[in-house]
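> here is my input, please return the structure:
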Amino acid sequence: IPLTWEGTNSTSSPAMAASGNDLHIAWIDSRNSTTEIWYQHGKHLATPAAGIQEVRIDHDSSNSASKHDSACWGSNIYVVWEGKVSSQSVIFFNKSTDGGATWQGTDLRVDHLSGPGLNAFAPRIACWGENVYVVWVDNRTSGSKKVFFNKSTDAGSNWMGADIRIDGNPVNDCNSPQIACWGRNVYVIWEDNTSGVPTIRGTRSQNEGSVGTWMADIPVDVFVAGELHNNPKLACSGSYVYAVWERRSPGLLRDIFFNLLMNVGGSWDPSSDRLDTDIPGSADSSSPQIACSGSFVHAVWQDNRSGSWEVFMNFSLSAGTSGSWQSFDMPLNTTSANASQKPCIAVSGSRVHAAWENLQTGVGNDVFARLGTVWGSVLVPSDVRLDGDSSGAFTSEMPCLAASGPMVFSAWADTRNTSSQVFGTWSDDAGQTWAASQTRLDTNAGSSSVSPRARALIWGNDLYATWDDGRSGGQGIYFNYLK
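So this is what the prediction gives:
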């Protein structure tokens, strides 16, 4: 493999060093008619191998664990889910501190609900080092769902003795909480029905979510009477905090809107931006997802403006400020004119990765991905199919993505073996090429994982997957990895 492209100029005296998967090479070079020292680097990545055996994370004897979320920091992997205690829905947690090799022998209860008829739903998790933050909704207050928070500062070994309510909704339900963190700052947004119709509200703590540090919740969107605001998503990077959601105006279809937190301790921009660029409300735009790297922010969603679902992307290179979004959103699916939906997105440095499921002409769906470079402003010419069975012969669906440096990892549900199972694949060159074969991550031989809902995590070259699993008529939370 040539490391220089200098024609007849002289290069000599190469020296090489390695650390982990990183290779470093230096040499003497005369390309500029003088003697200089030049450098090149690369990576050698062994083909990832799946864990010997999947691991069931939860210890729910009622087999009712579901709707999980997961996060990682180095070899620490944190998972939360809805579980059951005497028919009551509550929030449980488990962790691994060795990259998923072992898990705690007992699940920890995060919430402090007590009493008949009280239930907790929709947990979401974020972490920064050994600080682990969990948010959810429950009905302990007046029977309507409110937003509650708990945290651990020792990698999930111990949690606060009392939950913190962080919304200010006096009567009506809150739903769909989302959480993100950076350093000591913790951000939460949710659907809020204070006005009788769903809007988006949020709050933040600048001191690790401690008691007394949460600001009063404030609007994230710009409320207009009669509009419905749903399905919020949240992302942050450094001091940049971003949100997207669906907005439906009276008599119209859904559009995708965006807003940014003006500064860490301030308010949201009073004017939100519409990201889909067709005629407002003329086509149904839904399922937004957002990812960011500093002031570079990207959103994807599905849209039926052409008569069937397609996946679109828009981006800003200026922190999403008004006027910085592209004038025309970009369709990502190029291979098939059939319906594309359920997009996901990941960002690493200046590279943007998106994946989605696409309905083929056969009986099922396939999973596709596409790479954008230069912070998404340049898309590779075409999308790439990730599942490797016969096109459209089976159903590959619900993809998830994670990216770190040149590593990209995707997992999805797949019926190529008749029953629904979890498969994954990876790229070590930032999504330009993908592994020739996919790895089955659930190792439940001869049985189904029944509509698995997966999460993809990545730290360096370690690729982690967690999923809801409905085998044998019950529900559990499972884990496997590629390393």
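
> where does pLDDT dip in this protein?
1-13, 15-53, 263-265, 336-337, 361-363, 445-452, 472 (pLDDT under 70).

> mind running it again at 80?
For the chain, the stretches with pLDDT under 80 are 1-53, 262-266, 335-338, 360-363, 374-377, 418-419, 443-452, 471-474, 483.

> let me see the contact set for L317.
295-296, 324, 375, 377 (CB atoms under 8 Å, 6 or more residues apart in numbering). For the C-beta atoms, the positions are set from N, CA and C on the backbone; glycine is no exception.

> show me what contacts N231?
176, 191, 245-246, 286-288.

> hmm, back to that, out of the contacts of L317, who's nearest N185?
N185 has its nearest neighbour among the contacts of L317 in S295, at 16.4 Å by CB to CB.

> distance of that closest one from V347?
Using CB to CB, to the nearest Å, S295 is found at 12 Å from V347.

> for those two, indicate the residue with more neighbours.
Between S295 and V347, counted using other CB atoms under 10 Å, V347 has the larger neighbour count: 25 against 18.

> re the thing from before, now the contacts of L317: which count as buried?
295-296, 375 (16 or more other CB atoms under 10 Å).

> could I get these as CSV with secondary structure and distance to A456?
Shown next, in CSV, are the buried ones among the contacts of L317 (DSSP: H, G, I helix; E, B strand; the rest coil; distance: CB to CB, whole Å):
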residue, secondary structure, distance to A456
S295, coil, 25
F296, strand, 21
W375, coil, 22
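
> coming back round to it: and the two most separated of the contacts of L317?
Taking CB to CB, no two of these sit farther apart than S295 and S377, at 13.8 Å.

> look up the residues forming beta bridges with P331.
F312 (DSSP bridges).

> that one reaches S308, doesn't it?
No: P331 lies out of contact with S308 (CB atoms under 8 Å); the separation is 11.6 Å.

> find the residues that touch each one of those two.
Common contacts of P331 and S308, defined by CB under 8 Å, 6+ apart, are absent altogether.

> quick one: the contacts of L317 as JSON lines, columns for distance to V90 too.
As requested, the contacts of L317 are arranged in JSON lines below (distance: CB to CB, whole Å):
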{"residue": "S295", "distance to V90": "39"}
{"residue": "F296", "distance to V90": "39"}
{"residue": "S324", "distance to V90": "43"}
{"residue": "W375", "distance to V90": "42"}
{"residue": "S377", "distance to V90": "46"}
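
> tell me the one of those residues nearest L252?
When the contacts of L317 are ranked by distance to L252 (CB to CB), S324 comes first, at 25.1 Å.

> where's the nearest residue to that closest one once chain neighbours are set aside relative to Q326, distance?
Excluding the flanking residues, the one nearest S324 by CB to CB, 6 or more residues apart in numbering is S318, at 3.8 Å. As judged by CB to CB, S318 and Q326 stand 11 Å apart.

> which one's more surrounded, the two?
Set S318 next to Q326 and count neighbours by other CB under 10 Å: Q326 wins out with 15 against 12.

> D276 versus that one, what's the distance?
11 Å.

> find residues that contact each of the two.
Here Q326 and D276 have N314 as joint contacts, going by CB under 8 Å, 6+ apart.

> could you dump the buried ones among the contacts of L317 to JSON lines with distance to I200?
Formatted as JSON lines, the buried ones among the contacts of L317 follow (distance: CB to CB, whole Å):
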{"residue": "S295", "distance to I200": "22"}
{"residue": "F296", "distance to I200": "23"}
{"residue": "W375", "distance to I200": "26"}
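
> give me the secondary structure label for F368.
strand (DSSP: H, G, I helix; E, B strand; the rest coil).

> what residues are up against R184?
128, 206-208.

> equivalent analysis for E246, please.
228-231, 254-257, 285-286, 288.

> hmm, which of those residues are the buried ones?
Buried subset of the contacts of E246 (neighbour count, 16+ other CB under 10 Å): 229-231, 254-257, 285-286, 288.

> out of the residues you listed, who's nearest E397?
For those, the nearest to E397 is S286 (16.1 Å; CB to CB).

> the closest one contacts R254, doesn't it?
Yes: counting by CB under 8 Å, R254 is a contact partner of S286 at 5.5 Å.
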